[in-house]
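>>> what shape does this take:
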Amino acid sequence: MGATLVSRWWIVLACACGLCVGTGSIMIFSFGVFLKPVTEDLGLSRGDLSSALGVSTWLTALAGLVVGWLIDRWGTRRILIPGILLFAIAIASLGLMQAQPLSVVFLIYAAAGIIGGVQTPIPYAAVVSQWFDRSRGLALGLATGGVGIGVVLIPQLAAFLIDRYGWRDAYFGLAIAVVVLAWLPVALFVRDRSSPSAGPRAAYAVPGIEAVAAIRTWNFWTLSIAFFLGVMAINGTIVHIVALLTDRGIPLQTATGALSAAGIAIIIGRIVCGWCLDRFWGPYVAVCFFILPMAGIALLARDWAYPGPLIGAALCGAGIGAEIDLMAFLISRYFGLRAYGKIYGLIFILFNVGTGLGPALSGRAFDIFHSYSQIFVFYEIALAATCLLLVRLGPYAYPAPQVPASLGLETT
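Coordinates of the predicted model:
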């Protein structure tokens, strides 16, 4: 049993490494670093390149549904091993972009978005949930904490590579990082519990309901709408933090420090949230972590002296960090693992819509009102609605059971 426990935590580490170079950190959070050098070199407008990223983001959301179906049918490892390599090739291809025709730029981003579905939290959360039950919250928090590490480190790596070698070679460098940090650990350590090397599972029937049955439940739509509203409000705030603070006369370096504080808080939020989920009822934990960004947005809405904005950014980061962990955990507790990938993929579509909609709403509100105050009020209402929705969830349909140790699930 000891060897099995060790192997399970190696899987968590491998998943954290994989998500460090996931679609979020590679495609979205490093995009701002590439924006100026790419547009200036190719003669593109920032709107054109941002639109290409938008297309990529929507396609990643749709691809997540397909990835969820594939991992339910074939297993996580069989999808991740080739998928990560294809994702690395897609990232390297971004370094081959030319200004004309513009449709090719959109096509390259679209391909990266579709393939990037494999580098979302969906497959990683699925395999971690297979191996952990009573400690599932902490395991998911540690694994998805890799996203936060990527948010902090990958943009810095991209900036270094651009400064030293140029933006084209920087994309090749990020592709190499995907192979080293994602493909290699996954190939070495990630195993599905159904694989021959994963240990005995014959006596273990995978609990859960099918995706069609899940869609017909109140809990499915409650979780979908709650996480959509939550990520829309928090992401819509975080993405505009630097612009908000520099508008108030805060130096760019100091304002960027607030964004870094949000990235660090993402890591801490996921681990703390995961630990709490193993000990307290999930919806109560969720409400606590959604109250944090409500306080953070309130701090950012007022022109507080530093370090007020730093604290506000960190509180928002803790909220968005916990949200991915909460979504992965609550899906497993309310719908089980039988169709986990499909259900996660369905909820992830609306979640990703909120991810892109929030920053767009913030930008449009600023264009109209020349201030973020009005949209911040809307975000506070959205987060309050999120809390009200979550507390209406009933008891877990699939709580952590006491199972024999021979089945390979930890009981402590």
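>>> make it CA atoms for all contacts and neighbour counts henceforth
Noted.
>>> mind listing the helices in the stretch 151-300 of the chain by residue range?
For the stretch 151-300 of the chain, the helices defined by DSSP state H, counting those that start in this stretch cover 167-178, 184-189, 211-215, 218-238, 241-247, 252-277, 282-301.
>>> quick one: the longest one to helix 282-301, angle?
I take that to be helix 252-277. 160 degrees (axes from the mean of the first three to the mean of the last three CA atoms, to 10 degrees).
>>> from the chain's centre, how far out does helix 252-277 sit?
13 Å (CA atoms, centre = their mean, to the nearest Å).
>>> what of the second one?
Average the C-alpha atoms of helix 184-189, do the same for its chain, and the two points are 20 Å apart (CA atoms, centre = their mean).
>>> the fifth one too?
On the basis of CA atoms, centre = their mean, the separation between the geometric centre of helix 241-247 and that of its chain is 24 Å.
>>> what does stretch 175-191 contact?
Under the contact criterion CA atoms under 8 Å, 6 or more residues apart in numbering, stretch 175-191 has outside partners 7, 10-11, 14-15, 17-22, 76-77, 80-81, 84-85, 87-89, 91-92, 127, 197-198.
>>> could the C-alpha coordinates of that stretch be exported in CSV?
Extracted in CSV, the C-alpha atoms of stretch 175-191 (Å, rounded to 0.1, in the frame of the first residue of the first chain):
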residue,chain,number,x,y,z
ALA,A,175,7.3,24.5,-27.0
ILE,A,176,10.4,22.9,-25.5
ALA,A,177,9.2,23.8,-22.1
VAL,A,178,5.9,22.0,-22.8
VAL,A,179,7.8,18.9,-23.7
VAL,A,180,10.1,19.0,-20.7
LEU,A,181,7.6,20.1,-18.1
ALA,A,182,4.5,18.3,-19.3
TRP,A,183,5.1,15.5,-21.7
LEU,A,184,8.1,14.0,-19.8
PRO,A,185,6.5,13.9,-16.3
VAL,A,186,3.2,12.6,-17.7
ALA,A,187,5.0,9.9,-19.7
LEU,A,188,6.9,8.8,-16.6
PHE,A,189,4.3,8.9,-13.9
VAL,A,190,0.7,9.4,-15.0
ARG,A,191,-1.3,6.2,-15.1
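>>> tell me the SS of the residue lying closest to Gly43 once chain neighbours are set aside?
Counting by CA to CA, 6 or more residues apart in numbering, Ala99 is the residue found nearest to Gly43 once chain neighbours are left out, at 6.6 Å. Using DSSP: H, G, I helix; E, B strand; the rest coil, the secondary structure recorded for Ala99 is coil.
>>> so what's Ala99 up against?
42-44, 105.
>>> for Tyr109, same thing?
So Tyr109 contacts 52-53, 55-56, 94 (CA under 8 Å, 6+ apart).
>>> which helix or strand contains it?
Under the criterion of DSSP states H and E, Tyr109 resides in helix 102-115.
>>> Pro395: how many residues sit nearby?
By other CA atoms under 10 Å, the residues close to Pro395 number 12.
>>> am I right that Pro399 is in a strand?
No: using three-state DSSP, the assignment for Pro399 is coil, not a strand.
>>> relative to Phe290, how far out is it?
To Phe290, Pro399 is 23 Å away according to CA to CA, to the nearest Å.
>>> show me which of those two is the more surrounded one.
Using other CA under 10 Å as the criterion, Pro399 and Phe290 rank with Phe290 on top: 25 against 13.
>>> the more buried one contacts Leu388, doesn't it?
No: under the criterion of CA atoms under 8 Å, Phe290 makes no contact with Leu388, lying 10.7 Å away.
>>> coming back round to it: can you pick out the most distant pair from the contacts of Ala99?
Gly43 and Val105 (12.4 Å; CA to CA).
>>> settle it for me: which of those two has more neighbours?
Val105 (19 against 12).
>>> what separation do you get for that one and Ala111?
Counting by CA to CA, the gap from Val105 to Ala111 is 10 Å.
>>> now Val239
24 Å.
>>> ok, Thr237 next?
Taken as CA to CA, the span from Thr237 to Ala111 is 28 Å.
>>> looking at the two, which has the bigger crowd around it?
Comparing Thr237 with Ala111 by neighbour count (other CA under 10 Å), the higher total belongs to Thr237, at 28 against 19.
>>> I figured the more buried one hits Ile297, correct?
Yes: under the criterion of CA under 8 Å, Thr237 makes contact with Ile297 at 7.3 Å.
>>> identify the contacts common to these two.
Shared contacts of Thr237 and Ile297, counting by CA under 8 Å, 6+ apart, come down to 316, 376.
>>> show me the contacts for Glu380.
Counting by CA under 8 Å, 6+ apart, Glu380 has contacts 233, 294, 297.
>>> got a pLDDT number for it?
Glu380 carries a pLDDT value of 97.
>>> so for the helix holding Tyr109, mean pLDDT?
Rounded mean pLDDT across helix 102-115 is 90.
>>> likewise for stretch 132-142?
Mean predicted lDDT for stretch 132-142 stands at 88.
>>> can I get that stretch in CSV, CA atoms only?
Extracted C-alpha coordinates of stretch 132-142, given in CSV (Å, rounded to 0.1, in the frame of the first residue of the first chain):
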residue,chain,number,x,y,z
PHE,A,132,-7.9,10.0,-4.6
ASP,A,133,-11.1,10.0,-2.7
ARG,A,134,-10.8,11.1,1.0
SER,A,135,-7.9,13.4,0.1
ARG,A,136,-9.2,14.4,-3.2
GLY,A,137,-9.6,18.1,-2.4
LEU,A,138,-5.9,18.5,-1.4
ALA,A,139,-4.7,16.4,-4.3
LEU,A,140,-6.7,18.5,-6.8
GLY,A,141,-5.5,21.7,-5.1
LEU,A,142,-1.8,20.7,-5.4
